[in-house]
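1. let's see this in three dimensions:
(one chain, ligands or ions: 1)
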Amino acid sequence: MKIQEIYTKQQAFFNSNITKDVSFRIEQLKKFKKLLKENEDLLYKAIYEDFGKSEFETYMSELSLIYHEINIFVKNIKKWSKRKKVATGFANFPAKSYIIPEPLGTTLIIGAWNYPYQLLLVPAISSIAAGNTVILKPSELPAKTSETMAKIINDNFPSDYFCVVEGGAKETTEILEYRFDKIFFTGSIPVGKIIYKAAAKHLTPVTLELGGKSPTFVLADTDIKMTAKRIVWAKFLNAGQTCVAPDYILVDKSIEEIFLKALKSEIEEHYKNSEEIDENYLRIINMNNFDRLSKLIDSDKIYFGGNCDRAKRFISPTILQDISFQDEIMKDEIFGPILPVLSFSDLDQAIKMVKERAKPLACYIYSNNRQTIDKLLKEISFGGGAVNDSLMQLSNSNLPFGGVGLSGIGSYHGKSGFDTFSHNKSILDKPFWFEANFKYAPYSKYKLKIIKWLLE
Ligand code: NAD
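-> Numbers count the residues shown, from 1 in each chain. Got it, this is the predicted structure:
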């Protein structure tokens, strides 16, 4: 079906007001969860074919987040979509004031390839829950997952309500010609700018979930073993192809050697032999990314790993040492299983280096010292993060997820996702039985005095 037809039908469906009924939304979310559960095997198979993602990782880092989000919305939509009373004040006596959360209309959600299910479906759930119609545009790179989501959704939902349109840059450019009521985009900064520009033509509100280099501070007073364990898990999950993965480490020089050893022993423990690696570790999504990543491995600076197999698009968990901000690997987001370790002897200087660069999507702080933790939280601006952990902030839907500055605009997950896809309609509601006449002409000093008292 042509995009123009889908777009026109979705607008008509939204205008029929069916999606404004909260029980309709709940019903659709329950139906969607049931469908995904029934088709889990297809979803696992597709993502494994695309880049070797295991059932375990797919459930843990994709499907569980989707199911959890559906459960949260089913439980809370009634409460979140209710009109909320707010105070009115004397000036409008005897009126009442309230806010009505209302859906925006026809929404477009564009996904990235690295978590192809959750990056597309979690915002879709927020948009459905808020009462919109939804067009999804998955990334074309994981072709099987894109095809599978299109099949599951398009065979089971009417396209005038919820629909997948597949394609790459060309198709997305065509879709962006239409005036959507909201565009939600996950992807790179350069494409984010293209989306923002296309949306500006129609003054369409956007949420941009972008990327960047997320620093990880490791302070001298940290629990070294636990720090290494959590960082290794977070960095090499999805083979480092995670927007909020620790991009690079800033470790206190006094513990650098022992920390590097701890990283190495964690990698050796969890990715012991090639069979386990085959089962538990992902491939790089495509040759372009494989070639880009393998060039970033400076053989003089390998502390551990560095094995690359082009035919298999495989790069082993790799640690680089003696890295400075001038190295090639520090220029752009890595987005792969290479972890550069930089050391510092002056924390203020390290903070300064981070602050001179684009505001990161995430930042992680490993320390036992509350004062140092608070100092870093106060001085560095970033989207979100964790203290003494990495990545797990994502699993708490009470925490809005999104970037700041170049790492993004807006947020989602849980209630913040509902707000992202809603408009707060503000209403002052007045009866006829009383009117204070002070605001009407002819004006007088006496009326001004009363107005001053009422309005300040
Ligand atoms: P990308 O920007 O290349 O592609 C994202 C989407 O945009 C895809 O659906 C693609 O088809 C479409 N697209 C590509 N070129 C386009 C064009 N010229 N015009 C219109 N649409 C176009 O990003 P990617 O490679 O899929 O993902 C990697 C990037 O995404 C990384 O920078 C990563 O940090 C970021 N990311 C951010 C988050 C987040 O939640 N903040 C999550 C995952 C990935």
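
2. you'd agree residue 88 is in a strand?
-> No. According to DSSP: H, G, I helix; E, B strand; the rest coil, residue 88 belongs to no strand; its state is coil.

3. how near is it to the ligand?
-> Distance, residue 88 to the ligand, using CB to the nearest ligand atom, to the nearest Å: 39 Å. The C-beta positions use only the backbone N, C-alpha and C, and glycine is treated the same way.

4. SS state for the closest residue in space to that residue that isn't next to it in sequence?
-> Nearest residue to residue 88 in three dimensions, chain neighbours excluded: residue 97, at 4.5 Å (CB to CB, 6 or more residues apart in numbering). Secondary structure state of residue 97, per three-state DSSP, is strand.

5. just grab the bridge partners of residue 97 for me.
-> residue 86, residue 428 (DSSP bridges).

6. for the one 10 residues further on, same thing?
-> Beta-bridge pairing of residue 107, defined through DSSP bridges, involves residue 134, residue 182.

7. rewinding a little: count of neighbours near the residue nearest to residue 88?
-> A count of neighbours around residue 97, defined by other CB atoms under 10 Å, yields 16.

8. does it touch residue 429 like I think?
-> Yes. Using CB atoms under 8 Å, residue 97 is in contact with residue 429, at 7.1 Å.

9. what pLDDT does the residue nearest to residue 88 get?
-> We have a pLDDT of 98 for residue 97.

10. cool, and residue 277?
-> So residue 277 comes in at 69 (pLDDT).

11. cool, and residue 274?
-> At residue 274, pLDDT is 58.

12. can you list the weak-confidence ranges in the stretch 351-456 of the chain?
-> Filtered on pLDDT under 70, the stretch 351-456 of the chain yields no residues whatsoever.

13. show me where it has its helices.
-> Under the criterion DSSP state H, counting those that start in this stretch, helices of the stretch 351-456 of the chain are mapped to 370-379, 414-420, 445-455.

14. with mean neighbour count and distance to the ligand added, can I get those helices in JSON lines?
-> Shown next, in JSON lines, are the helices of the stretch 351-456 of the chain (neighbours: other CB atoms under 10 Å; distance: least, CB to the nearest ligand atom, whole Å):
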{"stretch": "helix 370-379", "mean neighbour count": "14", "distance to the ligand": "20"}
{"stretch": "helix 414-420", "mean neighbour count": "21", "distance to the ligand": "12"}
{"stretch": "helix 445-455", "mean neighbour count": "12", "distance to the ligand": "43"}
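
15. now distance to residue 169 too, for those, in TSV please.
-> Converted to TSV, these look like this (distance: least, CB to CB, whole Å):
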stretch	distance to residue 169
helix 370-379	38
helix 414-420	25
helix 445-455	53
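
16. picking up where we left off before, for the ligand, see how far away the residue nearest to residue 88 is.
-> Distance of residue 97 to the ligand, computed by CB to the nearest ligand atom: 36 Å.

17. list the contacts of that residue.
-> 85-88, 426-429 (CB atoms under 8 Å, 6 or more residues apart in numbering).

18. need the contact list for whatever residue of the stretch 1-150 of the chain ends up closest to the ligand.
-> Closest to the ligand within the stretch 1-150 of the chain is residue 112: 3.5 Å, counting by CB to the nearest ligand atom. The neighbourhood of residue 112, defined by CB under 8 Å, 6+ apart, consists of 119, 139, 186-188, 209, 243.

19. how is the protein carved up into domains?
-> 3-210+407-424, 215-398 (automatic domain parsing).

20. ok, the residue nearest to residue 88 to residue 103 distance?
-> Look at residue 97 and residue 103: by CB to CB, to the nearest Å, they are 21 Å apart.

21. residue 320: which of the contacts of residue 112 is nearest?
-> residue 243 (20.5 Å; CB to CB).

22. quick check on the closest residue to residue 270 other than its chain neighbours: phi, psi?
-> Excluding its sequence neighbours, the residue lying closest to residue 270 (CB to CB, 6+ apart) is residue 232, at 6.7 Å. When read as degrees, to the nearest 10, the backbone of residue 232 gives phi -60, psi -40.

23. gap between residue 232 and residue 264?
-> For residue 232, the distance to residue 264 - CB to CB - is 9 Å.

24. more crowded one of these two?
-> Taking other CB under 10 Å, residue 232 and residue 264 do not tie; residue 232 has more neighbours (25 against 17).

25. helices of the stretch 51-200 of the chain, residue ranges please.
-> Going by DSSP H, counting those that start in this stretch, the stretch 51-200 of the chain shows helices at 55-58, 64-81, 118-130, 143-154, 169-175, 189-201.

26. near the ligand, which residues of this structure?
-> Proximity of the chain to the ligand (CB under 6 Å from any ligand atom) is limited to residues 110-114, 119, 137, 139-140, 168-169, 172-173, 186-188, 191, 194, 209-211, 243, 333, 335, 361, 403, 408.

27. quick one: buried ones out of those residues?
-> Buried subset of the residues of the chain next to the ligand (neighbour count, 16 or more other CB atoms under 10 Å): 110-114, 119, 137, 139-140, 172, 186-188, 191, 194, 209-211, 243, 333, 335, 361, 403, 408.

28. give me the beta-bridge partners of the closest residue in space to residue 150 that isn't next to it in sequence?
-> Nearest non-adjacent residue to residue 150, counting by CB to CB, 6+ apart: residue 164, 4.0 Å away. Judged by DSSP bridges, the bridge partners of residue 164 are residue 136.

29. of all the helices of the stretch 51-200 of the chain, which one is nearest residue 339?
-> helix 55-58 (18.4 Å).
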